[in-house]
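**Q** Okay, here's the prediction I keep looking at, along with the sequence it came from:
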Amino acid sequence: MADSQIYEKIGARRVVNASGSVTAWGGSKPYPEVLQALEDGNVGFVEMRELLEVTGEHLAKQLGVEAAYITSGCYAALVLSVAACMTGQDRELANQLPDTTGMKNELLLMKKHRYGYDRAYTIAGAKMIEVGDENGTTNEQLNAAFGPNTAALAYLVKSDPDPECPSLEEAIEISHSHGVPVIADAAAQIYPLDEFFENARSADLVCFGGKYFQAPHSTGFVCGKKELVEAVVDHGFIGPRPFGRGMKVDRQEILGFVAAFDHWIGMDHDKRIADMEGMYDIILQRLEGIPTVKEMKSVRNNSFTAVGCHFVLDTDVLGRDAEAVAEELRNGTPRVHVSTSGNDTIVVNAHNMKAGEELEVADRMRQVLSG
């Protein structure tokens, strides 16, 4: 069945995802190896605790960390990590959550590290304490923020670190001086590979999303110190009264995740990037000469996607800005999802595009930008 037909059959329209690994339009495009692992996982059953244990050991060995645990996405990894830092492996405390009476329940987060998904830090009952302000946080401010009820410091790892905040290394040193663990959200910080490994080995608990390396969309993992990862496992979806019961991962997804992880760390990334640039070349050729586009080119970036294609619009000639163009692309047929940068730039990302979709993107963009 053709791609569009499977969705149209139930009344939904297919999306050409030219914006990367975005949850709102599907998240990931699993490699053939991943799809095969999903199918293979369906042939029989397995003891889930054992499967999680052996796959965690596999990830830990590959990354050079003490322990790891596969979760239902990075958000779930963050929720379970906070729970682990508050309760440790104390079963009585674990059974209380989200009631945090009698335990350290404050989580520090720098004001400039606030982001759309930081609610994950409060789901298990923790109280978030902001440090610094919207202009940044000094080392002195961070050091002074620790108190008797501080359970953990949360840190948002970025591809372009903020110079107005302590570095991850500095934050870890300060937090450890108070005997407090650090939870790092490194969701998409998986490339270059040496930085992926460095991030995984940094904080006490480090959380990643699987969709970025084309694992099943609803997977992720946490890795770090063995004692804390074991506490995360205790809060996971297996057990008598687990806090994370609703954060299930099925056996097929776990196998698919491992296949995607192994593929990502073993693949030829130069070829991956060259293949995307080949798609961009086709789009650039088909859009050549459009008067509403002032500049168009492939642009390397510091994210896991490594390269995107930028189209700088002449908004005066076009009569609308980049977001209006992106909305028109989203609402057309086929639905093409792109990103924007500022008021005048359309960004195409081929990370989740398959062969042939670059022609659809080019044709829709030419139609919209010529209108």
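**A** Done, it's in. All of these numbers come straight from a predicted model, not from anything done at the bench.
**Q** switch to C-alpha atoms for all contacts and neighbour counts from now on
**A** Noted.
**Q** tell me which residues of stretch 251-269 are tucked away?
**A** 251-265, 269 (16 or more other C-alpha atoms under 10 Å).
**Q** Go through the residues you listed and name the one nearest residue 316.
**A** residue 269 (39.0 Å; C-alpha to C-alpha).
**Q** What's the separation between the closest one and residue 304?
**A** 10 Å (C-alpha to C-alpha, to the nearest Å).
**Q** cool, residue 9 as well?
**A** For residue 9, the distance to residue 304 (C-alpha to C-alpha) stands at 34 Å.
**Q** same check, this time on residue 209
**A** 12 Å.
**Q** Which neighbours do the two have in common?
**A** residue 188 (C-alpha atoms under 8 Å, 6 or more residues apart in numbering).
**Q** Give me the more crowded residue out of the two.
**A** residue 209 (29 against 18; other C-alpha atoms under 10 Å).
**Q** All the helices of the protein, residue numbers only.
**A** Assigned by DSSP state H, the helices in the chain fall at 3-8, 32-40, 48-63, 74-87, 91-96, 139-145, 168-177, 193-200, 226-235, 251-266, 269-286, 315-318, 322-331, 357-370.
**Q** Confidence-wise, which of these is weakest overall?
**A** Mean pLDDT values for those show the minimum at helix 3-8, a mean of 77.
**Q** before we move on, back to that, if you compare the helices of the chain, which one is most tucked away?
**A** For the helices of the chain, the largest average neighbour count (mean count of other C-alpha atoms under 10 Å) is found in helix 74-87, namely a mean of 28.
**Q** Need the pLDDT of the residue nearest to residue 366 when sequence neighbours are not counted.
**A** The shortest distance from residue 366 to any non-neighbouring residue, by C-alpha to C-alpha, 6 or more residues apart in numbering, is to residue 287 (6.0 Å). As summarised for this prediction, residue 287 has a pLDDT of 96.
**Q** my read: residue 33 touches residue 261, true?
**A** No - counting by C-alpha atoms under 8 Å, residue 33 sits too far from residue 261 to count as a contact (10.6 Å).
**Q** Could you list the domains of this protein?
**A** 3-26+268-370, 32-266 (automatic domain parsing).
**Q** returning to that earlier point: is it possible to get CSV of the helices of the chain that adds distance to residue 17?
**A** Output for the helices of the chain, formatted as CSV (distance: least, C-alpha to C-alpha, whole Å):
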stretch, distance to residue 17
helix 3-8, 13
helix 32-40, 18
helix 48-63, 29
helix 74-87, 21
helix 91-96, 41
helix 139-145, 40
helix 168-177, 32
helix 193-200, 24
helix 226-235, 34
helix 251-266, 19
helix 269-286, 13
helix 315-318, 24
helix 322-331, 10
helix 357-370, 9
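**Q** out of those, nearest to residue 216?
**A** Ranked by C-alpha to C-alpha, the member of the helices of the chain that lies closest to residue 216 is helix 251-266, at 6.2 Å.
**Q** Would you agree residue 301 is in contact with residue 309?
**A** No - contact status for residue 301 versus residue 309: not in contact, 10.3 Å apart, counting by C-alpha under 8 Å.
**Q** Looking at these two, which has the bigger crowd around it?
**A** residue 309 (23 against 12).
**Q** Can you give me the neighbour number for the residue lying closest to the more buried one once chain neighbours are set aside?
**A** Distances taken as C-alpha to C-alpha, 6+ apart place residue 298 nearest to residue 309, at 4.3 Å, with adjacent residues excluded. Counted with other C-alpha under 10 Å, the neighbours of residue 298 add up to 19.
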